[in-house]
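Engineer: give me a model of this one.
(one chain, ligands or ions: 1)
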Amino acid sequence: MDLFAKICIDKNSLEHMYIQLFKSIKNMIEQGVLKANDKLPPIRQLADLLGVNNVTIVKAYDLLEEEGYVYKKIGSGTFVKPSGNYRYLNEQHKYPVDEDFRQMDRGQIQIRNNMISFASATPTPDLFPVEDFKNLLIEVLDRDKGSAFGYQESQGYYPLRESLVSYLSAYGIFTHAENVQIISGAQQGIDVISKAFVQFGDSVIVESPTYTGAIATFKSRGAKIIDVPIFEDGMDMADLEGKILTHRPKLIYAMPNFQNPTGYSYSQQKKQKLLELASRYNVLIVEDDYLSELSFHGYESATLKSLDIQDMIIYVKSFSKIFMPGLRLGFLVIPQKLHHQILAAKHASDISTSGLNQRAFDLYLRKGIWKQHIHYMKNIYEERFEIMVHCLEKYMAPLGVSYTLPKGGLNFWLCLPEGYSSNDLYHECERNNILILPGSIFFTSQGESRYFRLSIAAVYPHEIDFGMKKLSEIMEKFLKAKATSNINAYFPIL
Ligand SMILES: Cc1ncc(COP(=O)(O)O)c(C=O)c1O
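Structural biologist: Here you go, the predicted model:
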């Protein structure tokens, strides 16, 4: 009991007491202070010792059990679980130890010079408007001098927020500069929102599969991630409603247009249904709009925010796929009642986004260069998109690989026939200098998947046909070899 007498519980802290206790015991286990099979104190004794309610101890022990730190024996008590690797339990390793997969979980992939990468969804640097931006940076420095290098307001440079209001009106979102929060990229936006609203143990609903960066952020907050399957026309709404009722999530994270990784877009009915559920159950929706501009064939890629008459959605906008990811610039549109929490979280993250970049981007929008640029990017991507559509029909369909053609965006989501894992396919392709992304990295707890993602952002038109032909050759061998090894794996038992 001496060990436990040292635990400090701060009754005035904003953090629940059971979470504080959970963390203290977890640390004692991770640091080896408590050893395998050590018994934790009985509930009443520990409650008396720490001066807290029995319920606090019960909840802390339950959470320790859920996280894999302890086990319970009916009638005997709670014991430390024997395992040498507690430190990593929260990471829920899905794959066997494999550095490539760990890197992909962290949003990185190694590309050798001679490789064709269908893995990266980041535009190649030759598409960046470097000259235009250089001239604007010079203009800003001549105009604003040292002010361009001072701290910017945490909410963002006011003229830029005004420009963004006018930019948004072209996409049917009518708001005010007061509702716009500048962020250092959409990834920071998701992080700031999580900091503001998600506490340890809270539930968050995500589409399954979903963007790996969002999974990482929610995990880092200690959130319970609840998956809802996504279909070609959006999330499974019945499942979503059931999970809202069961888990009472703090927020729902969704990409209604050209979802990453599937490329699926919500039907108009599902967009409306999502809004209706958010309103009925008073749940916050975070809409990640990372490229709704890239709609092809006249598809109407309305954002949820443009339909949000009740002001319930936090809209997250990234410019990384259509502008320059290294600029680290994006923005949020926030419901009025949430301004303060978001602003406090943003300030705690990095005080403010680069003032110099904000000022130059403001001029980029005001001078109308943005419009020309987006037109240019759309043409580039549309050409690649059409080539890829053609290649899928030519090379993938005959192999029995299934897919749904997206209505825009950069990603294609393909499915191998039954019995095959895209983890294995990834390795086979990587050895042959073709990069794909295995579907497993986009699921919160699925170590294997038949799906894989191909992106057209980082491949030139001439590489697409060449790369897809090569991919189909690799796959043909892969499918045949696996089929043969599957046959050999079974023996008659009679
Ligand atoms: C769906 C999605 N959201 C957010 C991000 C992060 O964007 P940013 O570079 O603006 O932080 C990405 C990047 O790939 C993404 O795919």
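Engineer: compute the first-to-last residue distance for stretch 167-184.
Structural biologist: Using CA to CA, to the nearest Å, the end-to-end distance of stretch 167-184 comes out at 18 Å.
Engineer: can you give me the neighbour number for the residue in the stretch 51-200 of the chain positioned nearest to the ligand?
Structural biologist: Nearest to the ligand in the stretch 51-200 of the chain, going by CB to the nearest ligand atom, is G185, at a distance of 2.8 Å. No exception for glycine: its C-beta is placed from N, CA and C like everyone else's. When neighbours are counted by other CB atoms under 10 Å, G185 registers 20.
Engineer: nearest residue to it other than its sequence neighbours?
Structural biologist: Leaving out its chain neighbours, the residue that sits closest to G185 by CB to CB, 6 or more residues apart in numbering is R328, at 4.7 Å.
Engineer: show me the shaky parts of the stretch 351-494 of the chain.
Structural biologist: 483-494 (pLDDT under 70).
Engineer: try the chain
Structural biologist: Low-confidence segments of the chain (pLDDT under 70): 14, 83-97, 99, 102, 106, 483-494.
Engineer: for it, what lies in contact range of the ligand?
Structural biologist: Proximity of the chain to the ligand, by CB under 6 Å from any ligand atom, involves residues 121, 185-187, 211, 213, 255, 260, 288, 290, 318, 320, 325, 330.
Engineer: recalculate using a threshold of 8 Å.
Structural biologist: Among all residues of the chain, those adjacent to the ligand (criterion: CB under 8 Å from any ligand atom) are 107, 121-122, 184-190, 211, 213-214, 255, 259-260, 288, 290, 316, 318-321, 325, 328-330.
Engineer: okay, strands next: where are they in the stretch 251-400 of the chain?
Structural biologist: 251-254, 284-289, 313-318, 330-333 (DSSP state E, counting those that start in this stretch).
Engineer: ignore the last one, the stretch 51-200 of the chain
Structural biologist: Assigned strands in the stretch 51-200 of the chain, in chain order: 70-73, 77-80, 116-117, 180-183 (criterion: DSSP E, counting those that start in this stretch).
Engineer: who does the strand of greatest length in the chain touch, helix- and strand-wise?
Structural biologist: With secondary structure taken from DSSP state E, the chain has its longest strand at strand 224-231. Applying 3 or more CB pairs under 8 Å, 6 or more residues apart in numbering; DSSP states H and E, one finds that strand 224-231 contacts strand 203-208, helix 212-220, helix 237-247.
Engineer: just those: most buried one?
Structural biologist: Among the helices and strands packed on strand 224-231, strand 203-208 has the highest mean neighbour count (mean count of other CB atoms under 10 Å), at a mean of 24.
Engineer: so that strand versus strand 224-231, what angle?
Structural biologist: 30 degrees (axes from the mean of the first three to the mean of the last three CA atoms, to 10 degrees).
Engineer: in its sheet, what does strand 203-208 sit against?
Structural biologist: Strand pairing for strand 203-208, using DSSP bridges, gives strand 224-231 (parallel), strand 251-254 (parallel).
Engineer: and the ones you listed as JSON lines, adding mean neighbour count?
Structural biologist: Listed next are those as JSON lines, based on neighbours: other CB atoms under 10 Å:
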{"stretch": "strand 224-231", "mean neighbour count": "18"}
{"stretch": "strand 251-254", "mean neighbour count": "26"}
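Engineer: would a markdown table of those strands with distance to F296 be doable?
Structural biologist: Shown next, in a markdown table, are those (distance: least, CB to CB, whole Å):
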| stretch | distance to F296 |
| --- | --- |
| strand 224-231 | 20 |
| strand 251-254 | 21 |
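Engineer: what comes up buried for the lengthiest helix in the chain?
Structural biologist: Assignment by DSSP state H gives helix 461-488 as the longest helix of the chain. Within helix 461-488, the residues scored as buried using 16 or more other CB atoms under 10 Å are 463-465, 467-468, 470-472, 474-475, 478-479, 482.
Engineer: can you tell me how far the nearest residue to Q110 once chain neighbours are set aside is from L64?
Structural biologist: Using CB to CB, 6+ apart and skipping residues adjacent in sequence, the residue nearest Q110 is Q103, 6.9 Å away. Going from Q103 to L64 by CB to CB, to the nearest Å gives 31 Å.
Engineer: which of these two has more residues huddled nearby?
Structural biologist: L64 (23 against 13).
Engineer: wait, isn't that one in contact with F22?
Structural biologist: Yes: assessed by CB atoms under 8 Å, L64 is found in contact with F22 at 6.0 Å.
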